[in-house]
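Visitor: When you get a sec, could you give me coordinates for this:
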Amino acid sequence: MFVKSIKTSKKKLIGLLCIVLAVVCLGIWALSANRGMQAMSSQNSSSSKAGAITFKGATNEERLDFLGHFGWQVESDPAEIVEFVIPAEFNDTYQNYNAIQKKQGLDLEKFKGKTAKRYSYTVTNYPNVKEGVRANLVVYKDKIIAGDICSLELDGFMHGFSPDTIS
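Guide: All right, here's what the predicted structure looks like:
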């Protein structure tokens, strides 16, 4: 039987332990990052197969598809396109509007002070209303960040995209 002893200083031992610990941490991080990417990949492929809603809004086709996911039929061209600045401070009107957004999983808070575009489409299949209903999509950097379905009447209505929110 052979026995070999190694004599080393504490500095070298601590340095070696730090290197080993760093390699172990890096390996764990790489494995977890790989698993996360695989999970996202499988989630994206399964959600695209199921017809998941995408919030892409760069093209007219993407905006029409978005509204179609909620069952809205609209005229193919926007009735109005307006570029505007989302206020840095929300008044009561914007707070109420953002409450509608939060109910549908969106939030304008992080877009305060940003310039966005509002695309308004004429809705052609709103229940029991033949005309005067618009679908508004707020787009920032080619992504739909907010929107609503509303009446153009003076005492009209406004709600989120889902027909389930019609009162």
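
Visitor: From here on, just use CA atoms for contacts and neighbour counts.
Guide: Will do.

Visitor: which residues does Thr124 contact?
Guide: Shown in contact with Thr124 (CA atoms under 8 Å, 6 or more residues apart in numbering): 72-75, 130-131, 133.

Visitor: 6 Å instead, please
Guide: Contacts for Thr124 were tallied using CA atoms under 6 Å, 6 or more residues apart in numbering; they are 73-74.

Visitor: and it, how far is that from Thr165?
Guide: Look at Thr124 and Thr165: by CA to CA, to the nearest Å, they are 18 Å apart.

Visitor: Report the distance from stretch 63-79 to the chain centre.
Guide: For stretch 63-79, the separation from the chain centroid amounts to 18 Å (computed by CA atoms, centre = their mean, to the nearest Å).

Visitor: Pull the residues that contact it.
Guide: With contact meaning CA under 6 Å, 6+ apart, stretch 63-79 is reached by 57, 120-125, 162.

Visitor: Show me the shaky parts of this protein.
Guide: Residue ranges of the chain with pLDDT under 70: 1, 4-5, 13, 15-18, 20-27, 29-51, 167.

Visitor: Domain ranges for it, per the record?
Guide: Split into domains by automatic domain parsing, the chain comes to 9-52, 60-165.

Visitor: Which residue is the nearest non-sequential neighbour of Gly156?
Guide: With sequence-adjacent residues excluded and distances taken as CA to CA, 6 or more residues apart in numbering, Gly156 is closest to Cys150, at 7.2 Å.

Visitor: Could you give the number of residues near Val85?
Guide: Residues near Val85, counting by other CA atoms under 10 Å, number 12.

Visitor: does it really touch Thr115, like I thought?
Guide: Yes. The pair Val85 / Thr115 is scored as a contact, 4.3 Å apart, by CA atoms under 6 Å.

Visitor: Helices of this protein, start to end?
Guide: Counting by DSSP state H, the chain has helices at residues 10-49, 60-69, 92-103.

Visitor: isn't Val138 right up against Tyr121?
Guide: No. The criterion here is CA under 6 Å, and Val138 misses it with Tyr121 at 11.6 Å.
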